[in-house]
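A.B. asks: Need coordinates for the following:
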Amino acid sequence: MFILFSLFIIMFLMVPPAAAAELLTLPDVLRIALTDHPLIAAWEARVRAGEGNLLAARAYPNPEIGGGFGRITRFGGGNEGSLELSQPLEVLSKRKHRRQAAEMDLKSLSYEREALKLDLIFQVKQAFYALLWAEKNLQVAQDNERSARSLLSSAQVRVEVGEAPEFERIKAQVEVARAANEVRKAVTQVSLAKAALNTLMGRPSLSPLEVVGELESVPRELPLDSLLQRALEGHPLLQQHRYLVQKQQRLLDLAKSSRYPDPKISGFYEREPDREVAGIGLSLPLPIWYRQRGEILSAAAEVARAEAELAQLKNETGRSVTEAHRRYLIARDLITVFTDQLLKQAEESRRIAETSYREGASGILDLIEAQRTARQTFLDYQQALYELKVAEAALERATGEVSL
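C.D. replies: This next block holds a predicted model:
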């Protein structure tokens, strides 16, 4: 028995302790998400596919070789054979337009990747700030539970010495139960926020995760005119659609060039029992019945559609920037109201209520109400800080200028 106990102790000591989760800042979280999120690999694959299409567009048509061999079974017998080598000669303008279209497509894919990264960065920031807010909410709930239990102890003493009715102890007990329930809800909210952020980082939802950061920030002056100008000039989605318009224009040029047929040059050799023939030939399709009119009309329509989509996207970008800027200003002004008025008023009300309760000038209901108001005001302030951060991230996404 002693030996088994000793072995158990040794095995227990050999087991390494569970590693604590690394504290991650917002830049750390963004770096992991932009590296490990599954969509990143999909975007990179699309870009590589575009590179492959460009290689194909640059290629020249391959030559063709053919021939035959036979034996003459009558008229004296013998062998005969033929060999032919041909090379299509593509009109040079066709290859140029096809290559340019592939180049525009590859550039549009690169900007599409940047636009999708904008969305991912916004989602990560929103989830990161949501986790900070949930953790702050949990901290407030835990502080409130400790305060409620302290108030219950005080109420029990006052009831026992006859300074307060039994109702105060019952009310304090109810407040403790309410506070404990708020803690449980806050713990669940933190777990859900961690799962959401882990998913955006490309990790299992239950992976250990600890973040460090603050919701507080210094509000900035962001002129709408300059934001609109920068967005319309450099937003990745607009850049992508500009290249898509150029791609469709090159495809239209390619369709027009296709009206001219590609010649084919060939060399041949024929051998028969009584003669050998070698020569060169040239073939040229005659575009008499059809001159690519359908392809040209279709390509022209695609150009018009791409140009209309670009114009619509410009309008939507301007609207998105304006709305995001308005939400940012509203959140910023709300923060000013909290810091200049509401927080101070709620804290002063709570302090007066606590003093009045200790001196016996007021009952427990007044104290609980003042504490609850102060706590809710602080939580509303944290909510406003969160909304300001999210509004700032949304404004960055709308303008296409993201700070990591």
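
A.B. asks: Counting neighbours, what do you get for residue 135?
C.D. replies: By the criterion of other Cβ atoms under 10 Å, residue 135 has 19 neighbours. For every residue, glycine as well, the C-beta is placed using N, CA and C.

A.B. asks: give the contact list for it.
C.D. replies: By Cβ atoms under 8 Å, 6 or more residues apart in numbering, the contact list for residue 135 reads 190, 193, 211.

A.B. asks: Compare those and tell me which has the most neighbours.
C.D. replies: Neighbour counts for the contacts of residue 135 peak at residue 193, which has 23 neighbours (criterion: other Cβ under 10 Å).

A.B. asks: check which helix or strand covers it.
C.D. replies: Assigned by DSSP states H and E, residue 193 falls within helix 166-200.

A.B. asks: Give me the phi and psi for residue 81.
C.D. replies: With angles defined as degrees, to the nearest 10, residue 81 sits at phi -160, psi 160.

A.B. asks: swap in residue 260?
C.D. replies: According to degrees, to the nearest 10, residue 260 has phi -100, psi 120.

A.B. asks: Show me the strands in this structure, by range?
C.D. replies: Ranges of strands in the chain, per DSSP state E, are 23-24, 64-71, 79-88, 210-211, 264-272, 275-283.

A.B. asks: want to try JSON lines for those strands, with distance to residue 298 and mean pLDDT as columns?
C.D. replies: What follows is the strands of the chain, written out as JSON lines (distance: least, Cβ to Cβ, whole Å; pLDDT from 0 to 100):
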{"stretch": "strand 23-24", "distance to residue 298": "51", "mean pLDDT": "90"}
{"stretch": "strand 64-71", "distance to residue 298": "29", "mean pLDDT": "80"}
{"stretch": "strand 79-88", "distance to residue 298": "24", "mean pLDDT": "82"}
{"stretch": "strand 210-211", "distance to residue 298": "52", "mean pLDDT": "93"}
{"stretch": "strand 264-272", "distance to residue 298": "26", "mean pLDDT": "83"}
{"stretch": "strand 275-283", "distance to residue 298": "28", "mean pLDDT": "85"}
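
A.B. asks: Now these in a markdown table, please, with extra columns for distance to residue 102.
C.D. replies: A markdown table is the format used below for the strands of the chain (distance: least, Cβ to Cβ, whole Å):
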| stretch | distance to residue 102 |
| --- | --- |
| strand 23-24 | 41 |
| strand 64-71 | 24 |
| strand 79-88 | 19 |
| strand 210-211 | 43 |
| strand 264-272 | 24 |
| strand 275-283 | 28 |
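
A.B. asks: Tell me which of those approaches residue 57 most closely.
C.D. replies: Smallest distance to residue 57 across the strands of the chain (Cβ to Cβ): 15.9 Å, for strand 79-88.

A.B. asks: Check what pLDDT the nearest residue to residue 360 once chain neighbours are set aside gets.
C.D. replies: Counting by Cβ to Cβ, 6 or more residues apart in numbering, residue 360 lies nearest to residue 163, which is 6.8 Å off, once chain neighbours are set aside. Looking at residue 163, its pLDDT is 74.

A.B. asks: re the thing from before, closest one to residue 139 among the strands of the chain?
C.D. replies: strand 210-211 (13.8 Å).

A.B. asks: hmm, who's touching that closest one?
C.D. replies: Residues contacting strand 210-211 (Cβ under 8 Å, 6+ apart): 20-26, 29, 128, 131-132, 135, 197.

A.B. asks: Try it again at 7 Å.
C.D. replies: 21, 23, 24, 29, 128, 131, 132 (Cβ atoms under 7 Å, 6 or more residues apart in numbering).

A.B. asks: ok, how many other residues are close to the second one?
C.D. replies: Spelled out, that is residue 23. 11.

A.B. asks: Contacts only, for it.
C.D. replies: Here residue 23 is in contact with 210, 211, 212 (criterion: Cβ under 7 Å, 6+ apart).

A.B. asks: with the residues you listed in mind, which one is nearest to residue 113?
C.D. replies: For the contacts of residue 23, the nearest to residue 113 is residue 211 (26.6 Å; Cβ to Cβ).

A.B. asks: residue contacts, residue 82?
C.D. replies: Listed by Cβ under 7 Å, 6+ apart, the contact set of residue 82 reads 67, 68, 268, 269, 270.

A.B. asks: Residue 243: what's it in contact with?
C.D. replies: Per Cβ under 7 Å, 6+ apart, neighbours of residue 243: 104, 107, 108, 111.

A.B. asks: Pull up the per-residue confidence for the second one.
C.D. replies: Looking at residue 107, its pLDDT reads 91.

A.B. asks: swap in residue 372?
C.D. replies: pLDDT, residue 372: 83.

A.B. asks: Could you check how far it is from residue 356?
C.D. replies: Per Cβ to Cβ, to the nearest Å, residue 372 is found 16 Å from residue 356.
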